[in-house]
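[1] Just a sequence and a predicted model for now, questions to come.
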Amino acid sequence: MYIITNRNFRKYRNSDLYTLTDDPNPNGSKELRLFEATPRDAAGGKWDIHIIPDRPEEAEFEGLDTDFIRPWNRRRVGSDLVAARLIPKLRESGRNLVLFIHGYNTTIEDALNRARRMEQVYDVEVLVFSWPSNGGGDSALEELHGVASYLSDKSDARESVGALDRALWRMNALLQDLNAGVFDAARDHARASRPDSRDEERRLLANYLREHACPFNISLIAHSMGNYLYKKLLTSSSERLSCACTFDNVILKAADTNHHDHAEWVQRIRARKRVYILINQDDSALGLSNLKIGEAQKPRLGATIAQQNAHNAAYIDLTGTLDREHSYFDNQDTKRTVPNLEPVMRELLNGRIAHRDLPYEVGTNTYRLD
């Protein structure tokens, strides 16, 4: 599993392993590094973390498909190496890719364990974007760190906007390179086949693209305060984001951000298929979040069904099926106790349309999970 992060990191003495801290990178909050994480055993919980060099040696690329990395005459960087390893893996496994932005008070181990459970339950590959929240897991919402920690994490989320912007821009550039490389090969293939007509050439071109173009869907899921970070990016002055359409689905889950005027930033999201907003009005963590700074904290997007007015979003209300759960999307127990949630989450995370068969309430513009 790969990690994109602006956290600080330390190398263990006499080892090639690293640990990621709860602090921002000392070179600035926009500074990104890439790491590869592997579980130490089948039970999970502990991880071995290796750094991806900013400038990998050419030997690192031996045996890897790098034809799509453009321009070909530049020095390859760490993100090229990750793409050259990950894309063939996705092609061979038939899995889809999910970018996961975690929430408040999440250690790197918590983020990796959550991502691994998503992989196991929903048959996807997860790429983790991890920002320097203070650590302790979602249970820390219950008073362990209190208002000071909550506000500190909100500040860290705001400071991480530039890092997330760089990460999304680089992902989009790599996908454009992949598709451009495939198109060039498709055109050469069609012309080499010596078609009798332009229509035949176009048919050969379309067939090749269907077989060789990006064979996997890509979705983004932002959990809890990860939505606040994503919102701040969408309301920033980034010009690069406006032209990026990287994701098939964008899933705003248990969003710990204001419901008020959410349509203004949600409608800036460009998704190939749909933006999904998942709601649990009984979410205990978002209920506590509402209390963190008293009346200044407005109702949370992930726990409110009034005025669902973002025209590009499908709102799915899970209230009544999940009790007071907050982190249901990666929970094996939820798969057992709420079996009708699993197929919906599977469709969402695999970049497919997930709400067609759900009952729809016109009055609230909300789909319901019965």
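    Okay, I see it. Bear in mind the structure is a predicted one, so any value in this text is a computation, not a measurement. Numbers count the residues shown, from 1 in each chain.

[2] By residue count, what's the longest helix in this protein?
    When the chain is parsed with DSSP state H, its longest helix is helix 161-192.

[3] Now it: buried residues?
    161-172, 174-175, 177-178, 181-182, 185-186, 190 (16 or more other CB atoms under 10 Å). The way it works is simple: take the backbone N, C-alpha and C, and place the C-beta from them, glycine included.

[4] Number of residues surrounding the closest residue to R40 other than its chain neighbours?
    Spatial nearest neighbour of R40, chain neighbours left out: K46 (4.5 Å); criterion: CB to CB, 6 or more residues apart in numbering. Neighbour count of K46, defined by other CB atoms under 10 Å: 11.

[5] Now K46: phi and psi?
    phi -120, psi 140 (degrees, to the nearest 10).

[6] Let me know the next secondary structure element after the helix or strand hosting V344.
    V344 is part of helix 341-349 when elements are defined by DSSP states H and E. Going down the chain from helix 341-349, the next helix or strand is strand 360-361, by DSSP H and E.

[7] Remind me what that following strand packs against, helices and strands.
    strand 366-368 (3 or more CB pairs under 8 Å, 6 or more residues apart in numbering; DSSP states H and E).

[8] Okay, helices next: where are they in the stretch 101-250 of the chain?
    Taking DSSP state H, counting those that start in this stretch, the helices of the stretch 101-250 of the chain run over residues 108-122, 146-159, 161-192, 198-212, 226-234.

[9] wait, what's in contact with L174?
    Under the criterion of CB atoms under 8 Å, 6 or more residues apart in numbering, the contact list for L174 reads F68, I69, S79, D80, A83.

[10] Quick check, pLDDT for the last one.
    With respect to pLDDT, A83 has a value of 93.

[11] Can you report how many residues lie near it?
    23.

[12] Could you measure from it over to I52?
    Distance, A83 to I52, by CB to CB, to the nearest Å: 11 Å.

[13] follow-up on the earlier one: how big is the angle separating the longest helix of the chain from helix 146-159?
    Computed by axes from the mean of the first three to the mean of the last three CA atoms, to 10 degrees, the angle separating helix 161-192 from helix 146-159 equals 40 degrees.

[14] quick one, what contacts the nearest residue to T5 once chain neighbours are set aside?
    Leaving aside its chain neighbours, T5 sits nearest to S130 (4.4 Å; criterion: CB to CB, 6+ apart). Taking CB under 8 Å, 6+ apart, we find S130 in contact with I3, I4, T5, R7, L20, H102, T106, I108, A111.

[15] Against A255, how distant is S130?
    18 Å.

[16] Same question for L204.
    46 Å.

[17] who has more neighbours, these two?
    Neighbour tally, L204 and A255, criterion other CB under 10 Å: the higher count belongs to A255, 30 against 19.

[18] which phi and psi does that one have?
    Torsion angles, degrees, to the nearest 10, at A255: phi -70, psi 120.

[19] What is the three-state secondary structure of the spatially most central residue of the chain?
    Most central in the chain under CA atoms, centre = their mean is L99, positioned 2.3 Å from the mean C-alpha point. Under the three-state scheme (DSSP: H, G, I helix; E, B strand; the rest coil), L99 adopts strand.

[20] Give me the pLDDT for it.
    pLDDT, L99: 97.

[21] The one 5 residues further on too?
    At Y104, the model reports a pLDDT of 88.

[22] For the spatially closest residue to it that is not a sequence neighbour, give me its contacts.
    Excluding the flanking residues, the one nearest Y104 by CB to CB, 6+ apart is M225, at 4.0 Å. Listed by CB under 8 Å, 6+ apart, the contact partners of M225 are G103, Y104, S133, D153, K154, A157, D256, T257.

[23] residues near the third one, how many?
    Neighbours of S133 under the rule other CB under 10 Å: 29.

[24] pretty sure L99 is in contact with V124, am I right?
    No - contact between L99 and V124 fails when scored by CB atoms under 8 Å: they sit 10.5 Å apart.

[25] got the buried residues for the longest strand that the chain contains?
    Identified as the longest strand of the chain according to DSSP state E is strand 271-279. Applying a neighbour-count criterion of 16+ other CB under 10 Å, one finds A271, K273, R274, V275, Y276, I277, L278, I279 buried in strand 271-279.

[26] between the residues you listed, which is closest to N14?
    N14 lies nearest to L278 out of these, by CB to CB, at 45.2 Å.

[27] isn't the closest one right next to N249, touching?
    No - L278 lies out of contact with N249 (CB under 8 Å); the separation is 11.5 Å.

[28] which sections of the chain are below the confidence cut-off?
    Under the criterion pLDDT under 70, the flagged ranges of the chain are 44, 70-73, 135-149, 181-182, 194, 208-214, 237-245, 289-297, 331-337.

[29] what sits against the spatially most distant residue from the centre of the chain?
    Taking CA atoms, centre = their mean, the residue of the chain most remote from its mean C-alpha position is D196, at 45.2 Å. By CB under 8 Å, 6+ apart, no residues touch D196.

[30] what do you get for L17?
    K11, D48, I49, H50.

[31] The nearest residue to the second one once chain neighbours are set aside in helix, strand or coil?
    So the one you mean is D48. Nearest non-adjacent residue to D48, counting by CB to CB, 6+ apart: T38, 5.1 Å away. Of the three states, T38 takes strand according to three-state DSSP.

[32] what about N134, how many residues close to it?
    Counted with other CB under 10 Å, N134 comes out at 19.

[33] how close does it get to R10?
    17 Å.

[34] check contacts around L97.
    So L97 contacts L86, L90, V124, E125, V126, L127, F216, N217, I218, S219 (CB under 8 Å, 6+ apart).

[35] let's see it at 7 Å
    L90, V124, E125, L127, F216, I218 (CB atoms under 7 Å, 6 or more residues apart in numbering).
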